[in-house]
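> Just the structure for this:
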Amino acid sequence: MLEEELRRRYTYCPDTGVVLNRKGHEMRRIFCMGVYLKVYRLAWFLHYGTFPKKCIDHIDGNPENNKIANLRDVDHATNNRNRSLRVDNSLGLTGVHWDANASKWVCQVYAGSVRKFKRFYTLLDAASYRLTHIAGEYHENHGRVSNASNL
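Okay, the predicted model is just below:
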């Protein structure tokens, strides 16, 4: 079985987040019995004994930080709520953009898996609406600015 082979070939340190092979080399890519695995999924498996049921979210946004305290098993929507700002985001705010065709600011919010749009004449109104309607639904790191320490 794949699970037995993974346990035989690899070890994981939850404090450092490092996965080592039998020779003591740190693993970045995992290929075992014809299956490619992400290191963080293998770390989860080696720590908990089962594969994650959904997505693995790196709480601090750093995909290199595979410490078990930094990993959580969440659905795709929740994982997306812990994303940093896109590099092409010039506003510094997620979920708000300018619609040139309508000459209005557009705010988008999610209610469960349904995306809702609302248009505003001013950026302040759009930003205010966005911030009021996402309160408590997104991870505290959502929309953070990426920097070298969490890339």
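> Return the helix ranked longest in the chain as CSV; C-alpha atoms alone will do.
Counting residues, the longest helix found in the chain (DSSP state H) is helix 123-134. C-alpha atoms of helix 123-134 as CSV (Å, rounded to 0.1, in the frame of the first residue of the first chain):
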residue,chain,number,x,y,z
LEU,A,123,-14.4,53.9,-3.7
LEU,A,124,-15.0,54.8,-0.1
ASP,A,125,-18.6,53.4,-0.3
ALA,A,126,-17.5,50.2,-2.0
ALA,A,127,-14.6,49.6,0.4
SER,A,128,-16.8,50.3,3.4
TYR,A,129,-19.5,47.9,2.1
ARG,A,130,-16.9,45.2,1.5
LEU,A,131,-15.3,45.5,4.9
THR,A,132,-18.6,45.5,6.7
HIS,A,133,-19.8,42.4,4.8
ILE,A,134,-16.7,40.2,5.2
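> and for it, what are the contacting residues?
Helix 123-134 has contacts (CB atoms under 8 Å, 6 or more residues apart in numbering) with 91, 93-96, 105-107, 109, 118, 120, 142. For glycine as for every other residue, the C-beta is placed from the backbone atoms N, C-alpha and C.
> and this structure, what are its domains?
Domain assignment for the chain by automatic domain parsing gives 2-78, 84-150.
> ok so, going back, now the contacts of helix 123-134: which count as buried?
Neighbour counting by 16 or more other CB atoms under 10 Å classes 93-96, 105, 107, 109, 120, 142 among these as buried.
> pLDDT, distance to Phe31 and secondary structure for these - can I get that in a markdown table?
Below are these laid out as a markdown table (pLDDT from 0 to 100; distance: CB to CB, whole Å; DSSP: H, G, I helix; E, B strand; the rest coil):
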| residue | pLDDT | distance to Phe31 | secondary structure |
| --- | --- | --- | --- |
| Leu93 | 75 | 40 | coil |
| Thr94 | 75 | 35 | coil |
| Gly95 | 77 | 38 | coil |
| Val96 | 81 | 42 | strand |
| Trp105 | 87 | 47 | strand |
| Cys107 | 85 | 44 | strand |
| Val109 | 76 | 41 | strand |
| Phe120 | 84 | 50 | strand |
| His142 | 49 | 33 | coil |
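> Thank you, goodbye.
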